[in-house]
Structure formats: C-alpha cells, structure tokens
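Trainee: Sequence and predicted structure are below.
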Amino acid sequence: MPDVVSVELDAQEVPWEFAPGRTIPGFAFNGEVPGPTIEANVGDTIEVRLKNSLPQATTVHWHGIRLPADMDGTGAVQRAVEPGETFTYRFVVPDAGTFWYHSHTNETEQIERGLYGPLIVRGADEPKLDRERVVLLDDLKLDAEGNVSPFGDSHEHHAGREGEIRLVNGRQEPELEIAGGQVERWRIVNAANTKYVRLSIGGRPFSIIGTDAGLLSEPREAKEVLVTPGERVELAVGPFNEDERIEIEALPYDRGQGESERERFATVRVGPSAPSRVTALGSWIPIEPLASAGTEPTRTIDMKALMHGGHAQRDDPVRVGELQVWELVNETGSDHPFHLHGFFFQVLDVDGEPPQVVSWEDTVNVPKKSRLRIAWLPDDRPGQWMYHCHILEHHAMGMMAHFEVVR
Ligand code: C2O
Ligand code: CU
C-alpha cells in the first residue's frame with residue numbers, strides 16, 4: 001500500500017558548524033546541513049510543508065523526481081515563498097533512486113550556505129548490501145577571515161564558485177567508519193555549486209551500481225568516477241581490511257580552468273571485521289535504449305549561445321509522446337553539467353562515441369569542445385519545464401531555458 005510521507009521543512013538561518021569550533025551563518029532545513037533525509041518507497045506520496053523562516057524568498061526543487069510541473073519548485077511554476085510564508089509540495093515518487101532537494105531561488109547563495117538535502121526512493125527489489133550511507137559532497141568558499149566569501153564576484157560568473165573547504169554531509173573532511181570485510185552501498189550526491197569531483201576511494205576498485213535515476217542494468221567496475229554538480233552515482237564499496245585508512249579524494253581534473261589539485265573530502269577508517277551477507281550485488285534489469293547512437297537530432301542546443309543569452313530564454317515546446325533527440329553542442333572552453341528538469345534521458349553518444357553502458361540520467365557533463373546527444377520521451381506531464389547548467393553561477397547568469405511540454 002502506498003504511504004503518505006509527511007515532512008516539515010523549516011528553512012532557517014542558523015549557525016552551521018562545519019568543523020569543530022568553526023561556524024558560519026548557514027541556511028538550513030530544520031537547522032541541519034544537509035537537511036533531513038527524506039525516504040520513501042516507489043509509489044508513495046511525499047507531502048512537504050515548507051516554512052520559510054529565512055530573511056529572503058525561497059522555493060524547493062526536487063532534483064530528479066518525475067513530478068507534476070507545478071510542484072517543480074521553479075520560478076516558472078510558482079510564486080516564491082516569501083519570509084514567514086508556507087507552501088505545501090505534494091507529489092508521488094514514481095522511480096527508485098538517489099535524488100536530492102535544494103533551493104531553486106538565489107541558489108548560488110542559498111545552496112552554498114546549506115539549503116539542500118537527500119531524497120531516497122526505494123524500489124521493491126533493491127540490492128542487499130551490508131549497509132547503506134548517503135555521501136553528499138560539497139565545498140565552501142571562505143574569505144581570509146573565515147567568513148563566507150561574498151557572492152557574485154565577477155570571476156565567479158564565469159569560473160564558478162569553488163572553495164578550499166571540502167565537505168561530506170556538511171562536515172569538513174570527516175572520518176567515516178566502515179566495518180572490515182563489509183560491502184556498503186554509497187549514494188553519492190554532488191551538491192557543490194561548481195566543483196567537479198573525479199572521485200577516488202584510495203584508488204581501490206569499486207562497482208558503480210547506479211546513476212542519477214537508479215540502478216544500472218549491471219554493475220560496472222571502476223577506480224574513479226566523475227561526479228559533476230547535480231549528479232548522483234551509487235557505488236558498492238569494499239570490502240576493506242581491518243585498520244586500513246583510505247582517503248576519499250577528488251583526483252585532478254581540468255574542466256576548463258586548468259587542472260585542479262588532488263583534494264581530500266574524507267577519510268575512511270576501517271574498524272573491526274564483521275560478517276558480510278553480500279553474495280551478489282543484486283538482480284539486474286536491462287535498460288532498453290530509446291534510440292541508437294547517431295540518431296538525427298530533433299533539436300540542437302548551442303551551449304555557447306545559451307551561456308551568453310542572458311536571462312529567461314525560451315525554447316520550443318515539445319509534445320507528449322514524441323521522442324526527443326537533443327544535440328548539446330559545447331563550443332566553449334569549459335565543461336558544463338547539463339540538467340533537464342522533470343524527465344530522464346539517455347546519452348546516445350559523445351562526439352559520436354556511444355557510452356559504455358545505457359543509463360538514465362537527469363544531469364550529464366558536456367565536455368568542452370564536444371557534442372553530446374541525449375534522447376528522452378516526454379510522458380504526460382504537460383506544463384512549464386526547464387533545463388540549465390548546474391554550475392550554479394552559470395545558471396544564475398542565464399545559462400538556462402524554459403520550454404513547455406504540450407499535449
Ligand atoms: Cu538541481 Cu534546476 O536544479
Ligand atoms: Cu556551465
């Protein structure tokens with residue numbers, strides 16, 4: 001029987017202690033960064049009563065949830081919730097996966113200051129690993145005095161905002177403890193404004209079991225995975241030996257701003273061994289491809305023009321049930337994480353090369369000087385939708401467009 005999951009979210013300005021004795025004025029749901037983990041089963045209704053106790057207007061976007069347009073939390077579908085007001089979001093969650101919710105008003109500041117949290121939807125047949133944890137990656141940019149660096153400086157408009165403080169679940173470089181001999185499911189979310197994370201777990205192999213919109217059709221072995229802002233990835237991690245210490249790091253990556261340094265996000269401390277019940281990672285359901293590599297695009301999106309287009313661009317409507325093949329052309333010198341609201345897509349090819357596996361995504365990195373094709377099928381949820389770059393400073397600058405889904 002589907003349930004109603006009722007949640008109260010109070011957006012407040014509170015001291016955020018991101019490291020012992022180090023506090024900044026944060027924006028947080030229910031006083032915590034990240035906000036509470038919302039958990040539901042496929043088919044449940046989530047009902048969130050949002051109270052805005054912030055000194056500024058806000059809205060909440062349910063990143064990755066295929067909900068009705070009027071619940072999407074954007075300025076195109078609702079009036080912002082002013083200080084002191086409340087608003088109730090109500091929607092069914094149709095898909096299993098790792099999602100997240102975050103402010104969709106003045107995001108560069110509101111998300112940087114902590115206005116986000118995880119949303120987990122479970123299906124009937126989930127892999128049974130020894131333990132599950134949510135790992136939200138983020139960073140924080142402080143000035144020389146340790147205050148939140150001012151927003152909107154002109155360098156940030158182009159380069160995005162990246163900070164020196166690296167956070168996991170709202171804490172600076174924490175220690176995570178894992179039992180020796182066990183295999184855990186990690187639900188990873190990149191909640192940073194701009195920082196790309198080429199994730200490594202001490203160089204150890206792990207299995208990628210899921211992406212933005214749930215499980216893959218089979219696990220894929222890897223030693224690193226790129227997680228751009230907005231993206232999620234699910235990993236089977238371990239087993240490790242008792243007493244090991246392993247660093248969770250971002251490896252150097254050049255998204256167009258020169259190669260980044262190798263950076264630590266957290267340390268894993270391996271505790272005493274415990275029995276593992278993991279035999280196989282799960283049962284896997286094939287993902288049918290929507291279209292093949294090289295399919296003629298129905299629309300081309302020029303990301304350079306989008307970037308310089310200024311505010312509130314409007315793209316052509318799409319019709320329910322008509323296959324969309326969009327070619328994303330990135331002639332800029334930077335990577336951009338492209339996010340489509342409300343629908344999942346499959347990547348068909350990047351510069352003509354099909355990806356290694358078919359997967360469902362709502363956010364994809366479009367590498368600099370490349371063309372990437374995606375396919376998606378608008379199901380019957382007419383209304384105003386949008387796509388944008390998930391580098392929040394780019395989005396704020398106008399690297400976005402609205403479009404309508406029509407019947
Ligand atoms: Cu997670 Cu419009 O974004
Ligand atoms: Cu961008």
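Mentor: Structure's in. What do you need? Ligands and ions are numbered 1, 2, ... in the order given.

Trainee: what sits against the residue in the chain positioned nearest to ligand 1?
Mentor: Nearest residue of the chain to ligand 1, counting by CB to the nearest ligand atom: His63, 3.8 Å away. For the C-beta atoms, the positions are set from N, CA and C on the backbone; glycine is no exception. Counting by CB atoms under 8 Å, 6 or more residues apart in numbering, His63 touches Phe99, Trp100, Tyr101, His102, Gly230, His339, Asp362.

Trainee: chain center to stretch 290-301, what's the gap?
Mentor: Here the centre of stretch 290-301 is set off from its chain's centre by 24 Å, with CA atoms, centre = their mean, to the nearest Å.

Trainee: contacting residues around it?
Mentor: Residues contacting stretch 290-301 (CB under 8 Å, 6+ apart): 315-316, 322-329, 346, 348-349, 352-354, 373, 375-377, 387, 401.

Trainee: Stretch 26-33 too?
Mentor: So stretch 26-33 is contacted by 8-16, 18, 35-36, 54, 103, 109-110, 113-117, 170 (CB under 8 Å, 6+ apart).

Trainee: Would you mind checking the residues you listed for buried ones?
Mentor: 9-14, 16, 18, 35-36, 54, 103, 109-110, 113-117, 170 (16 or more other CB atoms under 10 Å).

Trainee: quick revisit: I'd like the contacts of His63 laid out as JSON lines, including distance to ligand 1.
Mentor: Putting those into JSON lines (distance: CB to the nearest ligand atom, whole Å) gives the following:
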{"residue": "Phe99", "distance to ligand 1": "10"}
{"residue": "Trp100", "distance to ligand 1": "7"}
{"residue": "Tyr101", "distance to ligand 1": "9"}
{"residue": "His102", "distance to ligand 1": "6"}
{"residue": "Gly230", "distance to ligand 1": "5"}
{"residue": "His339", "distance to ligand 1": "5"}
{"residue": "Asp362", "distance to ligand 1": "8"}
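
Trainee: From Leu372, how far off is Trp100?
Mentor: Going from Trp100 to Leu372 by CB to CB, to the nearest Å gives 23 Å.

Trainee: and if you look at Ser149?
Mentor: 32 Å.

Trainee: next structured bit after the strand ranked longest in the chain?
Mentor: Identified as the longest strand of the chain according to DSSP state E is strand 4-19. Downstream of strand 4-19, the next assigned helix or strand under DSSP states H and E is strand 22-29.

Trainee: by how many degrees do that following strand and strand 4-19 diverge?
Mentor: 170 degrees (axes from the mean of the first three to the mean of the last three CA atoms, to 10 degrees).

Trainee: Ala337 touches Asp362, doesn't it?
Mentor: To be clear, residue 337 is Pro; Ala isn't right here. No. Counting by CB atoms under 8 Å, Pro337 sits too far from Asp362 to count as a contact (10.4 Å).

Trainee: what residues does the protein put near ligand 2?
Mentor: His336, Cys389, Ile391, His394 (CB under 5 Å from the ion).

Trainee: so which helix or strand takes in the last one?
Mentor: I take that to be His394. helix 392-397.

Trainee: ok so, going back, Trp100 and Leu372: which has the busier surroundings?
Mentor: Shown here are Trp100 and Leu372; by other CB atoms under 10 Å, Trp100 has more neighbours (26 against 23).

Trainee: how close does that one sit to Phe265?
Mentor: Distance, Trp100 to Phe265, using CB to CB: 17 Å.

Trainee: and if you look at Pro36?
Mentor: 22 Å.

Trainee: Over to Ala144?
Mentor: 23 Å.

Trainee: Give me the more crowded residue out of the two.
Mentor: More crowded of Ala144 and Phe265, by other CB under 10 Å: Phe265, with 22 against 6.

Trainee: So that one belongs to a strand, correct?
Mentor: Yes. Checked against DSSP: H, G, I helix; E, B strand; the rest coil, Phe265 lies within a strand.

Trainee: Hmm, Ile246 and it touching each other?
Mentor: No. In this structure Phe265 lies outside contact range of Ile246 using CB under 8 Å: 11.7 Å.

Trainee: Let's test this: mean pLDDT of stretch 306-326, rounded?
Mentor: The pLDDT scores in stretch 306-326 average 89.

Trainee: hey, which helix or strand in the chain has the poorest pLDDT?
Mentor: One helix or strand of the chain scores below all others by mean pLDDT, DSSP states H and E: helix 154-159, with a mean of 89.

Trainee: Look up how far Glu162 lies from Arg187.
Mentor: 23 Å.

Trainee: if you count what's nearby, which of those two comes out ahead?
Mentor: Between Arg187 and Glu162, counted using other CB under 10 Å, Arg187 has the larger neighbour count: 22 against 18.

Trainee: Could you report the separation of Ser154 from Gly97?
Mentor: Noted for Ser154: a distance of 37 Å to Gly97, by CB to CB.

Trainee: out of the two, which sits in the more crowded spot?
Mentor: The neighbour count for Ser154 versus Gly97, taken as other CB under 10 Å, is higher for Gly97 (25 against 7).

Trainee: For the stretch 51-200 of the chain, what lies in contact range of ligand 1?
Mentor: His61, His63, His102, His104 (CB under 6 Å from any ligand atom).

Trainee: Among these, name the ones in helices.
Mentor: For these, not one is inside helices, with DSSP state H as the criterion.

Trainee: What about those residues, which are in strands?
Mentor: His61, His63, His102.

Trainee: got those residues as CSV, with distance to Arg277 and pLDDT columns?
Mentor: Shown next, in CSV, are those (distance: CB to CB, whole Å; pLDDT from 0 to 100):
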residue, distance to Arg277, pLDDT
His61, 37, 98
His63, 32, 98
His102, 34, 98
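
Trainee: What is the nearest of the residues you listed to Glu261?
Mentor: His102 (26.4 Å; CB to CB).

Trainee: And that closest one, how far from Leu323?
Mentor: 30 Å.

Trainee: quick one: secondary structure of Glu109?
Mentor: Quick answer, by three-state DSSP: Glu109 is helix.

Trainee: What sits closest to it if chain neighbours are left out?
Mentor: Spatial nearest neighbour of Glu109, chain neighbours left out: Phe151 (4.9 Å); criterion: CB to CB, 6 or more residues apart in numbering.
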